[in-house]
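# just coords:
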């Protein structure tokens, strides 16, 4: 999907990420009663695309009045180029950013953007320690809860136990498994501007009115 969007449709990754992260921020706001102003928020950002989404969400949450802090996996030099550029924007905005040093004490909201669909095997070392130390009233995961291996649909250890997961464009493999609900929480899907033609090219069925009522929809479960 990413390749078709960028190479054939001419829609850059940055534009998709902006749409995705606005949806993540909106769900975070909703989970805190409709306002994030004055709330303490920590965004945990991995090195790749998932981390990039978290960093953009950090900007939107900070603009809404939240007290945002960012924890990255490694230094800026270790991040993917797009992720690094978003970190630089956050720093320019004055958002506190630290590599691998979570804040002390409980926060109101954690945005989990550590691992996306590239995870293979158990989260290791630094990321495993971060997951184990999550302490928040609400946890919202970007695309998948970190520790869910999308390639197999398996939950690895440790894994995040999110209150809500915002999948981008479509639910990822394993997110709607009944046995995984304790990790996924409420499942949402965000419209990130993927044209219907791309879904058709990939053989993904999308209801004609999938995003008719808004750019973020909750997935109904039995």
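Right, received. Where do you want to start? The shown structure was predicted, so the numbers you read here are calculated from the model rather than taken from an experiment. Numbering: from 1, shown residues only.
# Of all the residues in stretch 191-208, which ones are buried?
191, 192, 193, 194, 198, 199 (16 or more other C-beta atoms under 10 Å). Any C-beta I mention is one placed from the backbone N, CA and C, and that applies to glycine too.
# Verify the stated contact: the last one with residue 208.
I take that to be residue 199. No: counting by C-beta atoms under 8 Å, residue 199 does not reach residue 208; the two are 11.2 Å apart.
# which helices and strands sit right next to the biggest helix by length in the chain?
Ordering each helix of the chain by length in residues (DSSP state H) puts helix 13-31 first. Contacts defined by 3 or more C-beta pairs under 8 Å, 6 or more residues apart in numbering; DSSP states H and E place helix 13-31 against helix 49-63, helix 81-92, strand 107-113, strand 136-142, strand 164-168, strand 186-190, strand 216-218.
# Surely residue 132 and residue 158 touch.
Yes: at 5.4 Å, residue 132 and residue 158 qualify as touching, with contact defined as C-beta under 8 Å.
# Name the residue in the two with the higher neighbour count.
Higher neighbour count among residue 132 and residue 158: residue 158, with 18 against 10, using other C-beta atoms under 10 Å.
# Roughly how far does the nearest residue to residue 55 once chain neighbours are set aside sit from residue 52?
Spatial nearest neighbour of residue 55, excluding adjacent residues (C-beta to C-beta, 6 or more residues apart in numbering): residue 86 at 3.9 Å. Separation of residue 86 from residue 52 (C-beta to C-beta, to the nearest Å): 5 Å.
# Residue 23 too?
The gap separating residue 23 from residue 52 is 14 Å, by C-beta to C-beta.
# between the two, who's got more neighbours?
More crowded of residue 23 and residue 52, by other C-beta under 10 Å: residue 52, with 29 against 26.
# Quick check: the gap between the closest residue to residue 215 other than its chain neighbours and residue 149.
Closest residue to residue 215 apart from its sequence neighbours, by C-beta to C-beta, 6+ apart: residue 191 at 4.4 Å. Computed as C-beta to C-beta, the residue 191 to residue 149 distance reads 25 Å.
# The residue nearest to residue 215 reaches residue 169, doesn't it?
Yes: assessed by C-beta under 8 Å, residue 191 is found in contact with residue 169 at 7.5 Å.
# hey, what's the residue most central in space within the chain bridged with?
Central residue of the chain (C-alpha atoms, centre = their mean): residue 142, 1.6 Å from the mean position. Under DSSP bridges, the beta-bridge partners of residue 142 are residue 166.
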